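> Sequence below, structure please.
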Amino acid sequence: MRDPRIQKLAQNLVCYSIDVQPGDNVLIDIIGSERELAKSLIEEVAKRGGRPFIETSDRSVLRTMLLHATKEQLELWAALDLERMKNMQGYIAVRSGENANELSDVPEEKMRLYEQIYRNPVHMEQRVKKTKWVILRYPNPSMAQLANMSTEAFENFYFDVCNLDYANMDKAQDPLQALMKRTDRVRIVAPGTDLTFSIKGIGAKKCSGHRNIPDGEVFSAPVRDSVQGTITYNAPSVYSGVSFQNISFTFENGKIVNAESNDTKRLNEILDADEGARYIGEFAIGFNPYILHPMNDILFDEKIAGSLHFTPGQAYEETDNGNRSSVHWDLVLIQRPEYGGGEIYFDDVLIRKDGRFVIPELEALNPENLKGE
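Numbering: from 1, shown residues only. As a prediction, the model looks like this:
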């Protein structure tokens, strides 16, 4: 018998996240072996009158492909998958690889070609901009291990997070979105961090289960040349299969002029991918009440309650500051007391302290209110 939590998740993804309509072509992209969720998604798309298409793959197979791929092969691969993506109205991606570091030994130049030739045109330009899409992780023992939890406990946590009442969260985000739209100056303070920038005229976008599951953030972007100061991230991050810790950036006139981490050389190689990689494409505030600690999985980590992320690279079209890059790397700073605390100021007004919103119009986003306690 199929776990009813899986069926509920599939219904939420199809009916709420991408709102499948009759006649929609929907690509269901599974990395891993999540057969029951795949079958549930196919059934739910069909129930709505959509046409489901399925692709399954494995990250270890992708690793072997990238190790041997030529530039010409990547170009043909991109052309074929771009044509398919152009025929899709919806896209659901389920990620469940056993090893988060599976791509760590793929040479940087190979990963750069993959990002520039394949991922950018197929996903960043076509899928992100022109389809209804949602991406989610799916629980497995590897994820439980990263979260320092038993497999059963992690599964229970996962379904709490992913089957949250995202419609309620969506309403609670309205005041923060409105405030960000009328804000000019932002200041972020935390251990090793004193950063200022402007978001004037950039806008703000709510994230409440329509693009990522789990979800829980509102994002904008800094005016490209306005970022000044230093930020030190306290959540680890995996990029192209490599784990980074203690990343610190110093900015002058929007540009990262100094970057350090546990692997400073590899970090700077990523930032040197193109001109835009040393500028910021996204500033976001996270508040999912069930996600409290990093687990080296950015779909979870960027939504941590009391966090923010400040992202080198490509800006999103909805909050476009003009920055263009093959890189989009969400890096997370947690400001709850057990992570050192911190403050966010909008136009010199304190809006969040130690991870809790402190002005009345934003209190609905504090954990006890989002959980409905």
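> Looking at residue 97 now. What's its pLDDT?
We have a pLDDT of 62 for residue 97.
> for stretch 356-373, the distance to its chain's centre please.
22 Å (Cα atoms, centre = their mean, to the nearest Å).
> Report the buried residues of that stretch.
Buried residues in stretch 356-373, counted by 16 or more other Cβ atoms under 10 Å: 356-357, 362, 364-367, 370. Heads up, the C-betas are built off the backbone N, CA and C, glycines and all.
> How about stretch 127-136?
Of the residues in stretch 127-136, 127-128, 131-136 count as buried by neighbour count, 16+ other Cβ under 10 Å.
> Straight-line length of it, end to end?
Stretch 127-136 has an end-to-end distance of 15 Å (Cα to Cα, to the nearest Å).
> Contact partners for residue 175?
361-362, 364 (Cβ atoms under 8 Å, 6 or more residues apart in numbering).
> Which secondary structure state does it sit in?
helix (DSSP: H, G, I helix; E, B strand; the rest coil).
> now residue 355: how far from residue 222?
Distance, residue 355 to residue 222, by Cβ to Cβ, to the nearest Å: 21 Å.
> which parts of the helix or strand of the chain with the lowest mean pLDDT are buried?
Least confident helix or strand, the chain: helix 141-146 with a mean of 80, by mean pLDDT, DSSP states H and E. Buried residues in helix 141-146, counted by 16+ other Cβ under 10 Å: 142-144, 146.
> Which strands or helices does the following helix or strand past that helix pack on?
For helix 141-146, the following helix or strand on the C-terminal side (DSSP states H and E) is helix 151-162. For helix 151-162, the contact count by 3 or more Cβ pairs under 8 Å, 6 or more residues apart in numbering; DSSP states H and E identifies helix 4-11, helix 141-146 as packing neighbours.
> more crowded one of residue 355 and residue 222?
Set residue 355 next to residue 222 and count neighbours by other Cβ atoms under 10 Å: residue 222 wins out with 29 against 25.
> tell me the secondary structure for the more buried one?
Three-state call for residue 222 (three-state DSSP): coil.
> residues touching it, list them.
186, 197-199, 202, 254, 280, 283, 321.
> Grab the nearest non-local neighbour of it.
With sequence-adjacent residues excluded and distances taken as Cβ to Cβ, 6 or more residues apart in numbering, residue 222 is closest to residue 197, at 3.9 Å.
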